[in-house]
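Engineer: based on what follows, work out the 3D shape:
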Amino acid sequence: MESNIAFLCSDIGRLFRKRFGELARQSGPTGAQWRALLVVQRYPGINQGMLAEHLDVEPITACRMVDRLEQAKLIERRRDPNDRRAWALFLTEAAVPTVSELKATGARLLDWVTSDLTEQEVETLSRCLSKIRDKIVTAEENGSQQESHNG
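Structural biologist: Purely as a prediction, here's the structure:
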């Protein structure tokens, strides 16, 4: 049976985001907003352009999302000291409990989806997927072209 790892990873990501969104509804933010909060938490001071890139959305979409999160007092914009045209994004104190709740929800979901795997299988899966991701990231950073393998 032939499998397409890229499609499988994409499908798992889509299904994981969908299920997480259903579980996280009571936390307040939408699925896209919780992803934005988690990115800003991971990269404090990130600008809106980089946030858009991390979320794989257009910059105007990220801007609207940040507008809503700022109105909800979950994110604050500060002038970027290195670029007066850009905004650096930070979580507010009010966002901390929401982000903690979202992370706990994600951990419970991950525990559930991997519950049929052994600890060794989870470690191996994580290590293999990390290698794949790291190779793609390195190629992007180096401007490398995809290798073509026939046969």
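Engineer: which residue lies nearest the spatial centre of the protein?
Structural biologist: Against the mean C-alpha coordinate of the chain, by C-alpha atoms, centre = their mean, the closest residue is Arg35 at 5.3 Å.
Engineer: contacting residues around that one?
Structural biologist: 17, 55 (C-beta atoms under 8 Å, 6 or more residues apart in numbering). (Glycine included, C-beta is placed from N, CA and C.)
Engineer: pLDDT on the longest helix along the chain, on average?
Structural biologist: In the chain, taking DSSP state H as the definition, the longest helix is helix 119-142. Helix 119-142 shows a mean pLDDT of 92.
Engineer: sorry, back to before: look up how far Ala62 lies from the residue nearest to the centre of the chain.
Structural biologist: 11 Å (C-beta to C-beta, to the nearest Å).
Engineer: please enumerate the shared neighbours of the two.
Structural biologist: With C-beta under 8 Å, 6+ apart, Arg35 and Ala62 have common neighbours Leu55.
Engineer: related to what we said a few turns ago, distance between the helix or strand hosting the residue nearest to the centre of the chain and the chain's centre?
Structural biologist: Assigned by DSSP states H and E, Arg35 belongs to helix 31-42. Remark: helix 31-42 is offset 7 Å from the chain centroid, using C-alpha atoms, centre = their mean, to the nearest Å.
Engineer: just the CA coordinates for that helix, please, in PDB.
Structural biologist: C-alpha atoms of helix 31-42 as PDB (Å, rounded to 0.1, in the frame of the first residue of the first chain):
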ATOM      1  CA  GLY A  31      -9.100  28.500  16.100                       C
ATOM      2  CA  ALA A  32      -7.000  31.000  14.100                       C
ATOM      3  CA  GLN A  33      -6.800  33.400  17.100                       C
ATOM      4  CA  TRP A  34      -5.600  30.700  19.500                       C
ATOM      5  CA  ARG A  35      -2.900  29.800  16.900                       C
ATOM      6  CA  ALA A  36      -1.900  33.400  16.800                       C
ATOM      7  CA  LEU A  37      -1.700  33.600  20.600                       C
ATOM      8  CA  LEU A  38       0.500  30.500  20.800                       C
ATOM      9  CA  VAL A  39       2.800  31.900  18.100                       C
ATOM     10  CA  VAL A  40       3.100  35.300  19.900                       C
ATOM     11  CA  GLN A  41       3.800  33.400  23.200                       C
ATOM     12  CA  ARG A  42       6.500  31.400  21.500                       C
END
